[in-house]
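Asker: Got a predicted structure here, sequence first:
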Amino acid sequence: MSDDSPLIRSLRAAVAAAPGDVPLRLHLAELLLAAGRGDEAVAEAAAALQHAPGDADARALMTRAMGIPPAPVPDAAEGSGFDWSAAEREVDGIVPPRFATGGSEGGGAEAPLTSDGAGDGPGDADAWEVDAPGTVRLADVGGMQDVKDRLEAAFLAPMRNPELRRLYGKSLRGGLLLYGPPGCGKTFIARAVAGELGAGFLSVSLNDILDLYIGASEKNVHDVFETARRQAPCVVFLDELDALGGKRSRTHSSGLRNVVNQLLTELDGVSAAANEGVFVLAATNVPWDVDIALRRPGRLDRTLLVLPPDGPAREAILRYHLRERPIENVDLAKLVKATEDFSGADLAHLCETAAESALLDSARTGAVRMIGMKDLLGAARQIRPSTGPWFATAKNVATFANDGGTYDDLLGYLKRKRKL
């Protein structure tokens, strides 16, 4: 850039010559940040995280460049001034613990339980584990070029082009809903997005959130997002969103309705900048059961149809599941044609079934043999694609309930495949 200082220009040239030199890139990012060019510093920190996932210095620099305040450290000295330790010593032996274990050999007592269950489980944001930026990239996803292009436009291009992002007013926040038949790789794609962004990955499902005690479920939702904000950049992946954020009009449980309300609040953020660097991806097999408020602009306002793997993707999946099995004379091109509409899970099951057939045959004859095309094609004929029932339901929804063109991409696919 023309307004670069000589030092920044020199460092840019050095980074271009050695893109994998993380300390050098972070030094450039520090200079850019000091010069008030935070967007460029974010881009350099993101590139550093791609070369060194989990690097603490790169993550800290990115957090500062985004303007995210560090988590406050509680001061043990602050408080009401009351000496609780002295009061505890004074009543020691007079007031018994609320709950005590009887008959234990050491005579020890369990930790006191609270009436709202807060002491029974994780209870705060520190209990949520964020996976470090992984090595999975979109290049590791076989085929699915349309999906990759949409993800590039929604998340990746703005991160890699800070000047264009600033020009077009694109923030680093975003929400995307992945939907489609079960077993087609929605979770794997979400992890690949986190890898591309050099971001942490926090996966959440209904089992993680739902709690017996009143208010605890909503607190769990809040803690998840607080964790993501503190460890930004972070991808929050909401698995099976139809269970976590189902339509409130169909929900009889006030607890589940409150969870949806809390989720809406967290997606909006306390302020416009609260969720900066937090990328929300959600997945569902039944998007028509998701509460409409979750798909309002500014929340999960973009949808992406994840279809059964195409030819190149099926070949990559089959190759992966056969890589450590004894095979011979396998014609992958022929097998790919025989597995139209198979999901990724179906293809894994096909390889397992073919291996089982060869194993049983070897056990009966006493002679070990390899897995061949006969086993694989036999398994393909035996297994019915699990995507069929999903498309049967989705066809009705796309035909009669396509409000606002929500399912135009699904209708287009069904017409191309002559399923409509």
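Answerer: Yes, it's here.
Asker: Can you check the pLDDT for the residue lying closest to residue 208 once chain neighbours are set aside?
Answerer: In this structure, residue 208 finds its nearest non-sequential neighbour in residue 220, 7.0 Å apart by C-beta to C-beta, 6 or more residues apart in numbering. (Glycine included, C-beta is placed from N, CA and C.) Residue 220 carries a pLDDT value of 93.
Asker: How about residue 191?
Answerer: pLDDT, residue 191: 90.
Asker: and the helix or strand hosting it, how far out from the chain's middle?
Answerer: Counting by DSSP states H and E, the element that carries residue 191 is helix 186-197. How far helix 186-197 lies from its chain's middle: 7 Å, per C-alpha atoms, centre = their mean, to the nearest Å.
Asker: try stretch 365-378
Answerer: 38 Å.
Asker: now what about that stretch, what contacts it?
Answerer: With contacts defined as C-beta atoms under 8 Å, 6 or more residues apart in numbering, stretch 365-378 is touched by 322, 325-331, 334-335, 338, 350-351, 354-355, 357-358, 361-362.
Asker: Show the end-to-end separation of it, please.
Answerer: One end of stretch 365-378 to the other measures 19 Å (C-alpha to C-alpha, to the nearest Å).
Asker: if we can go back for a sec, how deep is the residue nearest to residue 208 tucked in, by neighbour count?
Answerer: 23 (other C-beta atoms under 10 Å).
Asker: wait, what's in contact with it?
Answerer: Contacts of residue 220 by C-beta under 8 Å, 6+ apart are 208-209, 211.
Asker: If you count neighbours, what's buried in stretch 332-346?
Answerer: Applying a neighbour-count criterion of 16 or more other C-beta atoms under 10 Å, one finds 335-336, 338-339, 341-346 buried in stretch 332-346.
Asker: What of stretch 197-210?
Answerer: Buried, per 16+ other C-beta under 10 Å, within stretch 197-210: 197-204, 206, 208-210.
Asker: and that stretch, how far apart are its ends?
Answerer: Start-to-end span of stretch 197-210 (C-alpha to C-alpha) is 29 Å.
Asker: circling back: quick check, nearest of the buried residues of stretch 332-346 to residue 381?
Answerer: Lowest distance from residue 381 to those (C-beta to C-beta) belongs to residue 338, with 8.0 Å.
Asker: is it true that that closest one touches residue 382?
Answerer: No. Using C-beta atoms under 8 Å as the test, residue 338 is too far from residue 382 to be in contact (11.6 Å).
Asker: Which parts of the protein are strands?
Answerer: For the chain, the strands defined by DSSP state E cover 174-179, 200-204, 234-238, 278-284, 302-305.
Asker: related to what we said a few turns ago, list of residues touching the helix holding residue 191?
Answerer: Residues contacting helix 186-197 (C-beta under 8 Å, 6+ apart): 46, 50, 53, 131, 133-138, 140-141, 144, 147, 151, 155-156, 159, 178-180, 200-201, 203, 233, 235, 237, 239, 279, 281, 283, 306, 344.
Asker: Please name the residues that touch the residue nearest the centre of the chain.
Answerer: Nearest to the geometric centre of the chain sits residue 237, at 3.0 Å (C-alpha atoms, centre = their mean). By C-beta under 8 Å, 6+ apart, residue 237 lies in contact with 187, 190-191, 194, 201-204, 281-283.
Asker: Just the closest of the residues you listed to residue 274, please.
Answerer: Nearest to residue 274 among the contacts of residue 237, counting by C-beta to C-beta, is residue 202 at 16.2 Å.
Asker: I figured that closest one hits residue 224, correct?
Answerer: Yes. Judged on C-beta under 8 Å, residue 202 makes contact with residue 224 at a distance of 6.7 Å.
Asker: Residues that sit against both of those two, list them.
Answerer: Contact criterion C-beta under 8 Å, 6+ apart; residues shared by residue 202 and residue 224: 128, 236.
Asker: remind me, longest helix of the chain?
Answerer: Taking DSSP state H as the criterion, the chain has its longest helix at helix 344-365.
Asker: which of the residues in it are buried?
Answerer: So for helix 344-365, counting by 16+ other C-beta under 10 Å, buried means 344-351, 353-355, 357-358.
Asker: Next, the angle helix 186-197 makes with it.
Answerer: Calculated by axes from the mean of the first three to the mean of the last three C-alpha atoms, to 10 degrees, helix 344-365 forms an angle of 120 degrees with helix 186-197.
Asker: what mean pLDDT would you report for helix 344-365?
Answerer: 94.
Asker: ok, now stretch 326-340?
Answerer: Across stretch 326-340, pLDDT averages out at 94.
Asker: what does that stretch contact?
Answerer: Contact with stretch 326-340 is made by 311, 314-315, 318-319, 322, 346-347, 350, 358, 368, 370-373, 376-377, 380-381, 385, as judged by C-beta under 8 Å, 6+ apart.
Asker: quick one: the nearest residue to residue 148 once chain neighbours are set aside from residue 156, how far?
Answerer: Closest residue in space to residue 148, ignoring its immediate chain neighbours: residue 138 at 5.1 Å, by C-beta to C-beta, 6+ apart. The gap separating residue 138 from residue 156 is 8 Å, by C-beta to C-beta, to the nearest Å.
Asker: Repeat that for residue 195.
Answerer: 11 Å.
Asker: These two: who's more crowded?
Answerer: The neighbour count for residue 195 versus residue 156, taken as other C-beta under 10 Å, is higher for residue 195 (22 against 16).
Asker: pLDDT value on that one, please?
Answerer: Per-residue pLDDT puts residue 195 at 88.
Asker: so which of the contacts of residue 220 would you say is closest to residue 32?
Answerer: Closest to residue 32, out of all of these and judged by C-beta to C-beta, is residue 208, at 37.9 Å.
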